[in-house]
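Student: structure for the following, please:
(chains A and B)
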Amino acid sequence: MLASNDIFETINMIREECLDIRTITMGISLFDCQCDDEKRLCTKIYDKIMFHAGNLVQTGMDIEKEYGIPIINKRVSVTPVALMCGGVSRDGALNIARTLDRAAGELGINFIGGYSALVQKGFSNGSRTLISAIPEALATTERLCSSVNVASTKAGINMDAVALMGKVIRETADLTKENSAIGCAKLVVFANVPEDNPFMAGAFHGMGEPETVINVGVSGPGVVASAIRRAGNECNLTEIAETIKRTAFKITRVGQLVAKLASERLNVPFGIVDLSLAPTPAIGDSVAYILESIGLEKCGCPGTTAALAMLNDAVKKGGVMASSHVGGLSGAFIPVSEDAGMIEAAGCGALSLEKLEAMTAVCSVGLDMIAIPGDIDEAVISGIIADEIAIGVVNTKTTAVRLIPAGKAGDMICFGGLLGEAPVIPVSRFSPEIMIKRGGRIPAPLQSLKN
Amino acid sequence: MKAVISVTGCDAIGIIAKASCVCAEFDVNIVDISQTVLQEYFSMIMVVEIDKISAPFSVFVDRMSELGKANSLEIRTMHEDIFNAMHRI
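Tutor: Predicted coordinates for the structure are as follows:
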């Protein structure tokens, strides 16, 4: 029999501590849509997405109502579109972008991911076509998300791609400058990209995935922060880590339940649960507040990297026991604009770009949703990307960069909704231009003699 | 299959009667009730069987929620599996 304190604990997590399922993401393979005729290709893509994901939103809403757990987003990810663009013109790639956006609108989902290319070792024709279309595609669509993997631990870093992505981010910012450079909020540059990530903007349906799949991303920074506060100031860090593990276990069990239900009801195989702590701009749903509840005066002060390392590790240890299959990005996210505590910390100067970079060495993802000055040079953007990507490649982990060049240092840039708002962070005025122009590839790092 | 109905809010006459009435209307069988009143604050948990429910479960959820709103109470009706998932291994 259920104990009433357990029942009220669950209800309290949902009502007071912002516990939710962040996303149910359906992955759909587009390989069988391949076609010589560009128009027909778009029709086949649209029909296939509508056929498989037609009931996704309603199923999510049904589960939400019956189980009383908010499911914030229902989304779709598709095969990296670069793989479909081998024989397609740039206009054809733009038409695919608009097709995906139209399907997303029709389905009632807020984002569709997979306008992506994998170029860690070099560019195929399809990748070049797709990347050249990204700025215009993001400027002329609403729900489309794009990502480019420029490096991996096994392949090293494709510096030509890093240089190109600096230019692509610059162009995307220019094309969407009237709208807070919103296009850049839907564009991620990755190292070691996971192929089953349910979170946007980096989601796509990887090559080794089944025809269709359901991946679920959990959340719950507010629940973890409250548990730490309840544990009190007398606890040592071993006890705090235990508290985080126990809480992450409970959160993930709900994710596993929802994933199982969605998979059964949609008759689509269950892929993974992504154990991420994904913040939102809502007060009380912040990863920065977790770090502050551990005992930091402000997120970004000395000690932040250590606290985040412990948090990230404990979330994984607790979560991995609660789910039969874990994958995606799994860890604590630190997107600046989407986290009330990060916004505050960046606004008061406690959190710098350099400190964020250090934090990304020990947690999930990377330099995420960071507003940088709008007049920034593309070589500097590439330099920031190269640094962040190098952290991922050398440490055998996923890292990513989602930068938004807009406004002047100190301005507040507002994106709205879950994307939130971010203070523009100053960037070094010294340029890496000559290094970036060299291009080539940084060789894959040695996997032994680790120091 | 069971569901858990939680009712919280200010104490008033007839809260249990009203909730029970809606259960009966939907052929939902009450298997357990526990309630506490702390000062004027009322909280109740009903565990109910929904195997023979006469309408879709989501309609029952809405009906309970409306009853709560009409009486200045918060009524949540949730499938028991969410609690089992979280608190039972």
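
Student: parallel or antiparallel, which strands does the lowest-mean-pLDDT helix or strand in chain B pair with?
Tutor: Confidence across the helices and strands of chain B bottoms out at strand B:29-38, with a mean of 90, counting by mean pLDDT, DSSP states H and E. Looking at strand B:29-38 with DSSP bridges, its partner strands are strand B:41-49 (antiparallel).

Student: quick check: buried residues in the partner strand?
Tutor: Residues of strand B:41-49 classed as buried by neighbour count (16 or more other Cβ atoms under 10 Å in any protein chain shown): B:42-49. Any C-beta I mention is one placed from the backbone N, CA and C, and that applies to glycine too.

Student: give me phi/psi at the residue of chain B found nearest chain A?
Tutor: Proximity of chain B to chain A (Cβ to the nearest Cβ) peaks at B:Met78, 3.5 Å away. The phi/psi pair for B:Met78 (degrees, to the nearest 10) reads phi -130, psi 140.

Student: so what's the nearest residue to it once chain neighbours are set aside up against?
Tutor: Closest residue in space to B:Met78, ignoring its immediate chain neighbours: A:Gly68 at 3.5 Å, by Cβ to Cβ, 6 or more residues apart in numbering or on different chains. The contact partners of A:Gly68, by Cβ atoms under 8 Å, 6 or more residues apart in numbering or on different chains, come to A:11, A:14, B:61, B:76-79, B:82.

Student: ok, those residues vs A:Ala278, which is closest?
Tutor: Nearest to A:Ala278 among those, counting by Cβ to Cβ, is A:Ile14 at 15.9 Å.

Student: pull the contacting residues for that closest one.
Tutor: By Cβ under 8 Å, 6+ apart, the residues touching A:Ile14 are A:20, A:68-70.

Student: closest to chain B out of those residues?
Tutor: Nearest to chain B, judged by Cβ to the nearest Cβ, of the contacts of A:Ile14 is A:Gly68 at 3.5 Å.

Student: can you list the residues of chain A near chain B?
Tutor: Where chain A comes near chain B, counting by Cβ under 8 Å from any Cβ of the partner chain, the residues are A:1-4, A:6-11, A:62, A:65-69, A:250, A:253-254, A:256-257.

Student: tell me the SS of the closest residue to chain B within the stretch 351-451 of chain A?
Tutor: Of all residues in the stretch 351-451 of chain A, A:Ser364 sits closest to chain B, at 22.9 Å by Cβ to the nearest Cβ. With DSSP: H, G, I helix; E, B strand; the rest coil as the basis, A:Ser364 sits in coil.

Student: now the two most distant members of the contacts of A:Ile14.
Tutor: A:Asp20 and A:Gly68, at 11.0 Å, using Cβ to Cβ across the contacts of A:Ile14.

Student: got the buried residues of strand B:41-49 as TSV, with pLDDT columns?
Tutor: Output for the buried residues of strand B:41-49, formatted as TSV (pLDDT from 0 to 100):
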residue	pLDDT
B:Phe42	87
B:Ser43	90
B:Met44	92
B:Ile45	93
B:Met46	94
B:Val47	95
B:Val48	96
B:Glu49	95
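
Student: ok, the lengthiest helix in chain B near chain A or not?
Tutor: The helix that spans the most residues within chain B, counting by DSSP state H, is helix B:57-70. Yes - judged by Cβ under 8 Å from any Cβ, helix B:57-70 comes into contact with chain A through B:57-58, B:61-62.

Student: got a pLDDT number for the residue lying farthest from the centre of chain B?
Tutor: Centroid-distance maximum for chain B: B:Ile89 at 24.5 Å, with Cα atoms, centre = their mean. pLDDT for B:Ile89: 81.

Student: same question for A:Ser276.
Tutor: 89.

Student: kindly report the same for A:Lys154.
Tutor: For A:Lys154, pLDDT reads 96.

Student: next one: the one 4 residues further on
Tutor: On the pLDDT scale, A:Asn158 is placed at 98.

Student: number of residues surrounding B:Ile82?
Tutor: 25 (other Cβ atoms under 10 Å in any protein chain shown).

Student: right, is the strand or helix carrying it up against chain A?
Tutor: Taking DSSP states H and E as the criterion, B:Ile82 maps to helix B:81-87. Yes - applying Cβ under 8 Å from any Cβ, one finds helix B:81-87 in contact with chain A at B:81-87.
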